[in-house]
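Q: Got a predicted structure plus its sequence, pasted below:
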Amino acid sequence: MLPDWDDDDLPEWTPEQWDRAAIWHGDKLIRPASGTLTKPGRPRLEHPKRQVTLRLDADVLEKFRATGKGWQSRINAELRKILGI
């Protein structure tokens, strides 16, 4: 069963939203929706990184952390450079 709501509580649609909306009459689709719906968040990467647990010497870890935000990415970049990939 659908919840009860007052139409006055719904936000007003913009003309762009009306232009993109699917129009139904009962069970019959009069006009399909146009455009795309986007999901929030980052787009999926073709080759996503994998999370691992790695033990590092304390001085190595502190040296990278001292470089500021993005230190994990810099470790990855250094490993790639060493491996020649």
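A: Good, I have the coordinates.
Q: Mind listing what's buried along the helix or strand hosting residue 61?
A: Element membership of residue 61 [criterion: DSSP states H and E] is helix 58-65. Residues of helix 58-65 classed as buried by neighbour count (16 or more other CB atoms under 10 Å): residue 64. (Each C-beta comes from the backbone N, C-alpha and C, glycine too.)
Q: low pLDDT regions in this protein?
A: Residues of the chain that meet the criterion pLDDT under 70 lie in 1-2, 36-39.
Q: Kindly list the longest helix within it.
A: Looking across the chain with DSSP state H, the single longest helix is helix 71-83.
Q: How far off centre is it?
A: 24 Å (CA atoms, centre = their mean, to the nearest Å).
Q: Only alpha carbons, please: show it as PDB.
A: Extracted in PDB, the C-alpha atoms of helix 71-83 (Å, rounded to 0.1, in the frame of the first residue of the first chain):
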ATOM      1  CA  TRP A  71      50.100  10.100   0.500                       C
ATOM      2  CA  GLN A  72      48.600   6.700  -0.300                       C
ATOM      3  CA  SER A  73      48.500   7.500  -4.000                       C
ATOM      4  CA  ARG A  74      52.100   8.700  -3.900                       C
ATOM      5  CA  ILE A  75      53.100   5.300  -2.400                       C
ATOM      6  CA  ASN A  76      51.300   3.600  -5.300                       C
ATOM      7  CA  ALA A  77      53.100   5.900  -7.800                       C
ATOM      8  CA  GLU A  78      56.500   5.200  -6.300                       C
ATOM      9  CA  LEU A  79      55.800   1.400  -6.400                       C
ATOM     10  CA  ARG A  80      54.800   1.700 -10.100                       C
ATOM     11  CA  LYS A  81      58.000   3.700 -10.800                       C
ATOM     12  CA  ILE A  82      60.200   1.100  -9.100                       C
ATOM     13  CA  LEU A  83      58.400  -1.800 -11.000                       C
END
